[in-house]
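Student: Mind looking at a prediction? Sequence and model below.
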Amino acid sequence: MGGWRRRTRPACRRAAWFAGWFLITTAPAAAAVPVVGPTLDRYCFDCHAGESAAAGVDLERLLRQTPFVKRRDEWGRVMRAIEFGAMPPPEDGPRMASRVRDRLVASLTSELRDFDYTRVDDPGFEPARRLTKREYGNTVRDLLGIELDVEAKFPRELAGGTGFDNAASGLSLQPALMERYLAAAERAIATAFPDGGPSPATRRAVFGGPIPRDDATAEAALLRFLKRAHRRPPAAADGRRLLARYQKARSAGRGVPDAFREAVVPVLISPRFLVRAEAEGRDDALDAWSLASRLSYFLWSTMPDEELFRLAESGALARPDVLAAQARRLLADPRAERFAKTFVGQWLSTRLIGREVRRDPIDEPWCTDTLMDAMRDEPALVFLSVFREGRPLTDLIEADFTYMNEELARTIYGLRKVRGAEMRRVSLRGSQRRGLVTSPAVLAVTSHRETTSPVKRGAFVLERILGTPPPPPPPGADEFSDQFEDHSELSGTDRLRRHARDASCRSCHAKIDPLGLTLENYAAFGRWRTRYDRDRPVDAEATLKDGRPLDGPAGLRGYLTGPRRDDLVRNVTVRVLEYALGRETEYFDEPAIRDIVARLEGDGLAAASLIEAVVRSRPFRFRRAPDAAIARLGGDAR
Amino acid sequence: MNRFTHPITRRTALRSAATAVSLPLLESLPASAGPTRPHPTAPKRVIYLYFPNGVAEGVWGADRVGRDGRIERLNKWMSPFEPFRDELVIARDTVMPLGGGHDHGASNWLTSLGWDGPRSRAAGVSADQVAAKLVGGDTLLPSLELSLEGEGFFSNSLPRNVMSWSASGAPLPRETEPRAVYDRMFAPPGGGLADRSVLDDMLAEARALRQTVNVADRARVDEYLDSIRALERRIDFAEEQSRATAADGGRTDTFAAPKPGIPTSHGEYVRQMLDLVVLALKSDATRVVSFMLDHGQSNRYFDFLDGVRGTWHALSHYRDASGRTEDDDGKTRWRSVSEKRAMYATVNRWHHEQVAYLLRRLKEVREPGGKTLFDNTLIVYGSSLADGHRHGDEDLPTLVFGGAGGPLRGGYELRSRRPRDLASVHLGVLRQLSPRVTRFGRARTPLPGLFD
């Protein structure tokens, strides 16, 4: 972005700001303003105030917007930049004493933390969304009882701010998709109802019994089909139109099965099928049918099954205890693997393995498709075990087992005892590895193509595992190469040494690099190593800025589950909640987040109770489309 | 039958009414903008071409200009555009005041209204979608969105891969497979498509649904209605194509359908997509095309170019030639900054060559009134980054092409002491499509000097 443009500002304006603050503001001023305002004015306003504030960060404006929690993401970035020492810029900004720095961060932290959230009552809003590519494929397959890759030709699904591609706000319908839906519907129906008659799986899924031979049973089956496709009792008119299509085909001389087939094709492109449109009552509570879909798309990436439909029909699903019990059931079902794979693949970016992250299989024949699949699945299977087996959430970091098949075992782990192509559980005792962070997939996505990067790995741990991303590198951060005559001499560790020497680098990198250095014994694709080459042994000992030593992977683990445990727990909670809702959490979700974390703590951090607490939470069971939400759709820029 | 005249049918009338319904999205348009009138001459078209990663300082613009700003010689890295020197305007000193760059620069390039990070969406409708409402009319595809299959990290990143927004929360997916583009225009409609009564059923269901859902959810249902109408246009177009083909012995046969899949040669891939752009405009399947020549932070390798090593994004950070930054692949090495910069510029020039190829192809197509397709098309070509290393957002590379004798004041480099909002370029172009457009983004006046 704009770089650090330093501007001078007339002193009179500066004085005017603070005098004017109390006059202008009508909202109750944040308690922190008296501390924060003058400090920011003194140290930051030279660049970060007014219309053309550097990097678009206008602190003057931000200060006026109370309560601060409404802008907690922006304040979060500001706090991290100050806390990490990236701001004020170490080389040419005003020097900020660490006492001032600490006080400023502490004031802002308590302002955000101690805000009276009981004043907030907003369950949030997720607009009607179309099914994602994955959800669409699974739903069509389950609806028809077929095995067919119907979604192969769909455009790639993109992920925005939550990092998950199921975010409701971006899941819009477009003509380019509609044509795909139509083609897919025709292929799917042709597969489900071939000339020889449907398979037993299709018969079970579509008819729940024998194939209809007469119009009366066929029409009943059509309405049953429509209800499953719409995931709720169909509107009477929709049913009439479906039956009319069937009768029209019949009167044109088609047999019962052919007419049935013709009539249902359009159901697969109907709005109620493609769009998850939810319904809430006057108290914002979602109806049981909406909850059934929320639950099944959260944990199975597909439509509800018969049991969920039954509980929606009776209304029982509206009860939090029933919802929680169903969450347990869904998690135990094999379909929950979809949740694990989708969630972990996007949370930790391991879905990039095999596509964006892989070696050229011609140069390096060990890099096969099957190996890539196994690497991608491994962390998801560990994740699922932690959630299914009553293990504590910290086992995501500390689990002493993993999953691998023969190829993964031989190629990456160097283990010869594992046999067969199936992924199976293998103990990690006796090795340094534990949990997700040392899985080859995570180690690979945090590496360069051929070499490791302690910086990337450190930043990954801070951002993805702890939810406290470091501030982005300042513009021109890497403009140091002309200091070295021969660039190739600058090795990775030299660079880290330079980070330690140079004031402008050190402030942040002292908090990033040590975390990544602990993983230096794992090469770019996760193989264990003790030397870079003949002359250079790997040194995975590091020291944090505060002097705390971190020795290798065990040291990192101790740090993550010790002093950073609360960040870890909160981050996993927020990520799961955002995936479950299909939106980013906002300040008004704070009470729900705190409640979920409290339940978790009360349950010995049992991972499964996280899922239950999420589905019991207010944002999961309620939805409110206030005027604000309508205005949002109109496109106000926050 | 002249393919630019359409009899007004019941369906057209229905559609026109529908267009009017969704117009409040475009505040800048009066409500009467709607149905396309029969064209006495060829229609106006517009193409938006985006490239990521910016250009190094000193490899963009004119090397020598006359006193009035007339270009006398282009920068040597822009040599592919020498033949078009009098048919282009280089708009210097353009900026995106509400955010350019890699991450949401692409998403913001055509909206210029800023990026709503927490909700991952642009804050407005993109210029190509406004253009689609103005001139898309009854065409098969009111607009066509193209991109190239992503490579590297960020291939799934929404802000880097989206450029067109039909509404703030409605990103348009982009076609990446040549065959899929071709099929959307010329493949015979499937069985269900042939049956309009089915589509009528779906319209009825959606209208009923619209009445029952939350007011805020209606936007989604409206998208559905628009999509179904697009299927109707598909039927109309197919019927018209088959009539036209029967009348003049296989008009579309001159272009063979591309093979399914993504071509392995990147050069071949880009050319196929550009050929499809020409075909789409020539057949009047669409009048508005936007094409991302890669996603906003492309890490594609251009090893197939002589002397180029490393990924595009790494090259853009040319001032660091150590090969050791987080942007590098850990494998590629460079001897010097100047070597790396030359590779970066070579990648830019290669893209200029592809654009020049498109321009030549557009000039080959004859249209009524002794004009060519190029004469009836405005082309905007640019990036959301200036100097890639500094992540600069001042003086963005922005070019506008247009036919001689057209409204574009070709042959000039426009400089300005004050930075100019890129939205003023978009506004200028949109006003050429319809003078009724009075503002776009935050711009109230078109960039001065762009058009006569």
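Tutor: Structure's in. What do you need?
Student: going forward, measure contacts between C-alpha atoms and count neighbours the same way
Tutor: Fine.
Student: From the rest of the structure, what touches the helix or strand containing B:Gln211?
Tutor: For B:Gln211, the host element (DSSP states H and E) is helix B:196-212. Identification of contacts with helix B:196-212 by CA atoms under 8 Å, 6 or more residues apart in numbering or on different chains yields A:237-238, A:241, A:266, A:269-272, B:192-193, B:218, B:221-222, B:224-225, B:228, B:232.
Student: got it, and stretch A:424-433?
Tutor: With CA under 8 Å, 6+ apart as the contact definition, stretch A:424-433 has outside contacts at A:400-405, A:434, A:439, A:553-554.
Student: okay, it in CSV with CA atoms only?
Tutor: C-alpha atoms of stretch A:424-433 as CSV (Å, rounded to 0.1, in the frame of the first residue of the first chain):
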residue,chain,number,x,y,z
ARG,A,424,-4.4,-46.3,9.5
ARG,A,425,-3.6,-45.0,12.9
VAL,A,426,0.1,-45.1,13.8
SER,A,427,1.6,-44.2,17.2
LEU,A,428,4.0,-41.3,17.2
ARG,A,429,5.6,-42.2,20.5
GLY,A,430,9.3,-42.4,20.1
SER,A,431,9.3,-39.6,17.6
GLN,A,432,9.4,-35.8,18.0
ARG,A,433,6.1,-35.4,16.1
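Student: Now that stretch: buried residues?
Tutor: A:425, A:433 (16 or more other CA atoms under 10 Å in any protein chain shown).
Student: What's the mean pLDDT across that stretch?
Tutor: Averaging pLDDT along stretch A:424-433 yields 95.
Student: From the chain's centroid, how far away is stretch A:574-592?
Tutor: Counting by CA atoms, centre = their mean, to the nearest Å, stretch A:574-592 is centred 10 Å from the centre of its parent chain.
Student: Poorly predicted segments of the chain, please.
Tutor: Unless you meant another one, I'm taking chain A. Within chain A, the set of residues satisfying pLDDT under 70 comprises A:1-32, A:474-501, A:503, A:626-638.
Student: My question was about chain B, not that one.
Tutor: B:1-40, B:189-194, B:245-255, B:326.
Student: can you pull out the helices in it?
Tutor: Remark: helices assigned in chain B by DSSP state H are B:10-22, B:105-109, B:127-131, B:158-161, B:178-186, B:196-212, B:218-247, B:266-282, B:312-316, B:337-364, B:422-433.
Student: Provide the contact partners of the last one at residue level.
Tutor: I take that to be helix B:422-433. B:44, B:94-96, B:110-112, B:127, B:130-131, B:134-135, B:378, B:407, B:437-447, B:450-451.
Student: and A:Pro334, how far is that from A:Leu143?
Tutor: Using CA to CA, to the nearest Å, A:Pro334 is found at 17 Å from A:Leu143.
Student: These two - which one has more neighbours?
Tutor: Using other CA atoms under 10 Å in any protein chain shown as the criterion, A:Pro334 and A:Leu143 rank with A:Leu143 on top: 20 against 9.
Student: Now the more buried one: closest residue in space that isn't a chain neighbour?
Tutor: Nearest residue to A:Leu143 in three dimensions, chain neighbours excluded: A:Ala205, at 6.3 Å (CA to CA, 6 or more residues apart in numbering or on different chains).
Student: Around chain A, which positions in the stretch 201-350 of chain B sit nearby?
Tutor: With CA under 8 Å from any CA of the partner chain as the criterion, the stretch 201-350 of chain B meets chain A at residues B:201-202, B:205-206, B:209, B:213-217, B:219-221, B:223-224, B:226-228, B:230-231, B:319-326, B:328-331, B:333, B:335.
Student: Give me the buried subset of these.
Tutor: Neighbour counting over these (16+ other CA under 10 Å) leaves B:201-202, B:205-206, B:209, B:213-214, B:216-217, B:219-221, B:223-224, B:226-228, B:230-231, B:319-325, B:328-330, B:333 as the buried ones.
Student: ok, and the closest non-adjacent residue to the residue of the stretch 251-400 of chain A found nearest chain B?
Tutor: Using CA to the nearest CA, the closest approach of the stretch 251-400 of chain A to chain B is made by A:Glu356 at 4.7 Å. Spatially, and ignoring its direct neighbours in sequence, A:Glu356 is nearest to B:Gly152 (4.7 Å; CA to CA, 6+ apart).
Student: Am I right that the one you found is in contact with B:Tyr301?
Tutor: No. Counting by CA atoms under 8 Å, B:Gly152 does not reach B:Tyr301; the two are 9.4 Å apart.
Student: joint contacts of the two?
Tutor: By CA under 8 Å, 6+ apart, B:Gly152 and B:Tyr301 have no common neighbours.
Student: what about the most far-flung residue of chain A relative to its centre, distance to A:Pro514?
Tutor: Distance from the C-alpha centroid of chain A, by CA atoms, centre = their mean, peaks at A:Gly253 (52.0 Å). For A:Gly253, the distance to A:Pro514 equals 76 Å [CA to CA].
Student: Is chain B within reach of stretch A:177-190?
Tutor: Yes. Counting by CA under 8 Å from any CA, contacts between stretch A:177-190 and chain B involve A:177-179, A:182-183, A:186.
Student: among the residues you listed, which are in helices?
Tutor: When DSSP H is applied, the residues of stretch A:177-190 next to chain B are split such that A:177-179, A:182-183, A:186 fall in helices.
Student: Let me know which of the helices of chain B is tucked in deepest.
Tutor: Neighbour counts (mean count of other CA atoms under 10 Å in any protein chain shown) averaged over each of the helices of chain B peak at helix B:105-109, with a mean of 31.
Student: Packing partners of it?
Tutor: Helix B:105-109 sits against strand B:121-122, helix B:158-161, with contacts defined as 3 or more CA pairs under 8 Å, 6 or more residues apart in numbering or on different chains; DSSP states H and E.
Student: Could you dump these into a markdown table and include distance to chain A?
Tutor: Below are those laid out as a markdown table (distance: least, CA to the nearest CA, whole Å):
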| stretch | distance to chain A |
| --- | --- |
| strand B:121-122 | 7 |
| helix B:158-161 | 5 |
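Student: Put together TSV for those, with distance to A:Lys153 on each row.
Tutor: Converted to TSV, the helices and strands packed on helix B:105-109 look like this (distance: least, CA to CA, whole Å):
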stretch	distance to A:Lys153
strand B:121-122	25
helix B:158-161	18
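Student: Which among those is found nearest to A:Val572?
Tutor: helix B:158-161 (22.3 Å; CA to CA).
Student: Dump that closest one to CSV, restricted to CA.
Tutor: C-alpha atoms of helix B:158-161 as CSV (Å, rounded to 0.1, in the frame of the first residue of the first chain):
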residue,chain,number,x,y,z
LEU,B,158,-11.9,-14.6,-3.5
PRO,B,159,-10.5,-11.0,-3.4
ARG,B,160,-7.7,-12.0,-5.9
ASN,B,161,-9.9,-13.9,-8.3
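Student: Next, count neighbours for the residue lying closest to A:Leu223 once chain neighbours are set aside.
Tutor: Of all residues not flanking A:Leu223 in the chain, A:Gly239 sits nearest, at 6.3 Å (CA to CA, 6+ apart). A:Gly239 has 17 neighbours, counted by other CA under 10 Å.
Student: Please look at A:Gly239 and A:Leu226 and confirm they touch.
Tutor: Yes. The criterion here is CA under 8 Å, and A:Gly239 meets it with A:Leu226 at 7.4 Å.
Student: who's in contact with the residue in the stretch 201-350 of chain B positioned nearest to chain A?
Tutor: Nearest to chain A in the stretch 201-350 of chain B, going by CA to the nearest CA, is B:Ser227, at a distance of 4.2 Å. Going by CA under 8 Å, 6+ apart, B:Ser227 touches A:173-176, A:178.
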